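Colleague: fold the stuff below for me.
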Amino acid sequence: MAAGETQLYAKVSNKLKVRSPSLLLEPLLGMGFPVHTALKALAATGRKTAEEASDWLRCHRNDPSLDDPIPQEYALFLCPTGSLLEQLQEFWRESKRQCTKNRAHEIFPHITLCDFFTCEDHKVECLYEALKRAGDRIRGSFPLVVPLALHSSISYLGFFVSDSPADVIREFATTFAMEVAVLADCTVKPCAKQLHLTLAHKFYPHHQRTLEQLARAIHPGHSCQWTAVLYSRDMRFVHYQTLRALFQYKPQNEDELTLSPGDYIFVDPSQQEETSEGWVIGTSQRTGCRGFLPENYTEQANESDTWVKHRTYTFSLAMDLVSRKDGEASSRRNGEPPPPQTPRDVSSIQALQATIARKSVLVVRHGERVDQIFGKSWLQQCSTPDGKYYRPDLNFPCSLPRRSSGIKDFENDPPLSSCGVFQARMAGEALLDSGIRITSVFTSPALRCVQTAKHILEELKLEKKFKIRVEPGIFEWTKWESGKTTPTLMTLDELQEAGFNVSMDYRPAFPLASLMPAESYDEYVNRCAVSVGWITSIRPWDGNIAHLSPCG
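Modeller: Okay, the predicted model is just below:
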């Protein structure tokens, strides 16, 4: 080991040497990574596992800045959870859809507790200890409910925290700053402004009224566990634009970046003069390498998408555990049995148990579809000039269901091939053998998915017991569709007439008419998240019983 590395390793406090190297650092050193890069990888991945850190190091093996002593920047936020968070996320989605993106969309719902500050990689564990100490010190006085008052101006919309609870929260932030100064020798500046949760910022003035109407639908008094969350970011790219790769790209030249779907790219707008039209130059977060990339392979991402979550402190949970332990300990010392649980206690425990009970959603991709085998012109191969279907190959379906608009709409809503039907039946047979119990079935409105669900249920002998619930919210990403409009899909009446046992009473999370053509990746992810949340909220749930959801 080099002398410089020995010196850096010596800076780690004795407390951290006992805890960190044995669990996280030692495996990385055993793989041959130098100490300073191992610590850098741990900080960049949130010090979660040695495996994540080693994966980061392998991805960054060609990173020209790997050996540079550049620390991460850290900040502490107070974040809502539960019902309030769901309402805020719905506001985020609707405000973006109705009023376009504004600065608030760049970050998740939060109350800022301190400015970003730097911390050397070998001191990061001290930040976690500081968070725990500050939380433990303040938990007894932390408000059970944080009152939020809506405030609106021509360029800002948000909730402000009232004075008394705000004082307690500021005390927590100040305590955290003091603990960080003592443990990590870092300077932390607690937020000096009035504590607030921003809903919209720097929006168009004509959108103010719409945003206010959406904000009034939020009920800040709803149940909420407030959680202090420590995040980090790469300080080099604070003022850069963040792009997210949508498609895979293999470099054609040495100065181009390799892209995989989901990669984040940092782009400096001031350094794009040398690029050709349709190209940008940026730095990959996944590899640390810099190069050119096709801009149309990416979309704009949010600033906080690349932040790393390190540790959290949940106040109401900590208070509940401490008060319960203290009460039980006091009873034991006095020789008294613990106090009986009140109905509220019982209902709270039951609600908690219901929340943490395992909920299983079995996600199934549809079987092989005819256009995957016979190409986009498959319909021309199996239709007569007068629009009638015939079977030119055994892998074509025996027949097609009737559609009011005729055979042409099958072109963008193709059925399963014969092999696809066989695959669906095999999947159903495997589920039957595994003993998995199904309580409900949801499917995309695409014909191939409805067919897949039908054949699986037939093999499970459940085709008459369960009606198929058609949920447009789990339809595939509309940007993959070739036209400028979403494909014309079969109606519930047409599906029922074709022999599919579909539910006519089910109210979907996303009506078919709400599917937007060429939606962004964020819109697609949000749509799926809302739909899955809706699906999992529908009873009955019973242990390991699953919802079956063919998607696509």
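Colleague: tally of neighbours for residue 32?
Modeller: The tally of other residues near residue 32 (other Cβ atoms under 10 Å) stands at 7. In short, each C-beta sits where N, CA and C put it, glycine included.
Colleague: in a strand, it, correct?
Modeller: No. With DSSP: H, G, I helix; E, B strand; the rest coil as the criterion, residue 32 is coil rather than part of a strand.
Colleague: do you know how far it is from residue 379?
Modeller: To residue 379, residue 32 is 58 Å away according to Cβ to Cβ, to the nearest Å.
Colleague: likewise residue 367?
Modeller: Relative to residue 379, and taking Cβ to Cβ, residue 367 is found at 19 Å.
Colleague: between these two, which is the more surrounded one?
Modeller: residue 367 (27 against 19).
Colleague: roughly how far does the residue nearest to the more buried one when sequence neighbours are not counted sit from residue 449?
Modeller: Closest residue in space to residue 367, ignoring its immediate chain neighbours: residue 420 at 3.1 Å, by Cβ to Cβ, 6 or more residues apart in numbering. Distance, residue 420 to residue 449, by Cβ to Cβ: 11 Å.
Colleague: now for those two: what residues contact both?
Modeller: Listed as contacting both residue 420 and residue 449 by Cβ atoms under 8 Å, 6 or more residues apart in numbering are residue 366.
Colleague: more neighbours, these two?
Modeller: residue 449 (29 against 24).
Colleague: in this structure that one contacts residue 443, no?
Modeller: Yes. Counting by Cβ atoms under 8 Å, residue 443 is a contact partner of residue 449 at 4.7 Å.
Colleague: quick one: low-confidence parts of the stretch 1-150 of the chain?
Modeller: 1-22 (pLDDT under 70).
Colleague: now do the strands in it.
Modeller: Under the criterion DSSP state E, counting those that start in this stretch, the stretch 1-150 of the chain contains strands at 72-79, 111-112, 117-119, 148-152.
Colleague: for the stretch 251-400 of the chain, same thing?
Modeller: Under the criterion DSSP E, counting those that start in this stretch, strands of the stretch 251-400 of the chain are mapped to 264-267, 279-284, 290-294, 298-300, 308-314, 360-365.
Colleague: between those strands, which gets nearest to residue 412?
Modeller: Among the strands of the stretch 251-400 of the chain, strand 360-365 comes nearest to residue 412, with 18.5 Å by Cβ to Cβ.
Colleague: buried residues in the closest one?
Modeller: For strand 360-365, a neighbour-count test (16 or more other Cβ atoms under 10 Å) marks 360, 362, 364 as buried.
Colleague: go on, stretch 502-514?
Modeller: 502, 503, 508, 509, 510, 512.
Colleague: again, but for stretch 72-92
Modeller: 72-81, 84-85, 87-89, 91-92.
Colleague: now do stretch 362-378
Modeller: Within stretch 362-378, the residues scored as buried using 16+ other Cβ under 10 Å are 362, 364, 366, 367, 368, 369, 370, 371, 374, 378.
Colleague: what about stretch 439-457, start to end distance?
Modeller: 11 Å (Cα to Cα, to the nearest Å).
Colleague: closest to residue 521 among the buried residues of stretch 502-514?
Modeller: residue 510 (16.5 Å).
Colleague: hmm, back to that, can I get the strands of the stretch 1-150 of the chain in TSV including distance to residue 454?
Modeller: Formatted as TSV, the strands of the stretch 1-150 of the chain follow (distance: least, Cβ to Cβ, whole Å):
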stretch	distance to residue 454
strand 72-79	43
strand 111-112	49
strand 117-119	56
strand 148-152	48
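Colleague: among those, which comes closest to residue 412?
Modeller: strand 72-79 (41.7 Å).
Colleague: that closest one pairs with which strands, parallel or anti?
Modeller: strand 111-112 (antiparallel), strand 117-119 (antiparallel), strand 227-234 (antiparallel) (DSSP bridges).
Colleague: how close does residue 378 get to residue 413?
Modeller: Computed with Cβ to Cβ, the distance linking residue 378 and residue 413 is 12 Å.
Colleague: which neighbouring elements make contact with the helix ranked longest in the chain?
Modeller: Taking DSSP state H as the criterion, the chain has its longest helix at helix 163-184. Applying 3 or more Cβ pairs under 8 Å, 6 or more residues apart in numbering; DSSP states H and E, we find helix 163-184 packed against strand 72-79, strand 117-119, helix 124-138.
Colleague: next, the buried residues of that helix.
Modeller: Quick answer for helix 163-184 (16+ other Cβ under 10 Å): 165-166, 169-177, 179-180, 183-184.
Colleague: swap in stretch 189-207?
Modeller: Under the neighbour-count criterion of 16+ other Cβ under 10 Å, stretch 189-207 has 190, 191, 195, 196, 197, 198, 199, 200, 203, 207 buried.
Colleague: any idea how far residue 34 is from the nearest residue to the first one once chain neighbours are set aside?
Modeller: Pointing back at residue 190 there. Distance criterion Cβ to Cβ, 6+ apart; nearest residue to residue 190, sequence neighbours excluded, is residue 173 at 4.1 Å. Separation of residue 173 from residue 34 (Cβ to Cβ): 36 Å.
Colleague: again with residue 137
Modeller: 38 Å.
Colleague: dump the residue contacts of residue 72.
Modeller: 43, 44, 118, 119, 121, 124, 232, 233, 234, 235, 308.
Colleague: on the three-state scheme, residue 214 is what?
Modeller: With three-state DSSP as the basis, residue 214 sits in helix.
Colleague: hang on, it packs against residue 91?
Modeller: Yes. In this structure, residue 214 is within contact of residue 91 by Cβ under 8 Å, at 5.5 Å.
Colleague: quick check, residue 160 in a helix?
Modeller: No. Using three-state DSSP, the secondary structure at residue 160 is strand, not a helix.
Colleague: tally up the residues packed near it, please.
Modeller: 16.
Colleague: that one and residue 152 touch, don't they?
Modeller: No. Using Cβ under 8 Å, residue 160 is not in contact with residue 152; the gap is 10.8 Å.
Colleague: from residue 300, how far out is residue 282?
Modeller: According to Cβ to Cβ, residue 282 stands 13 Å off from residue 300.
Colleague: higher neighbour count, these two?
Modeller: When residue 282 and residue 300 are compared for neighbours, residue 282 comes out ahead with 26 against 14, by other Cβ under 10 Å.
Colleague: so what's that one up against?
Modeller: Applying Cβ under 8 Å, 6+ apart, the residues contacting residue 282 are 240, 243, 257, 265, 266, 267, 268, 290, 291, 293.
Colleague: where does the prediction get shaky in the stretch 251-400 of the chain?
Modeller: For the stretch 251-400 of the chain, the stretches with pLDDT under 70 are 316-359.
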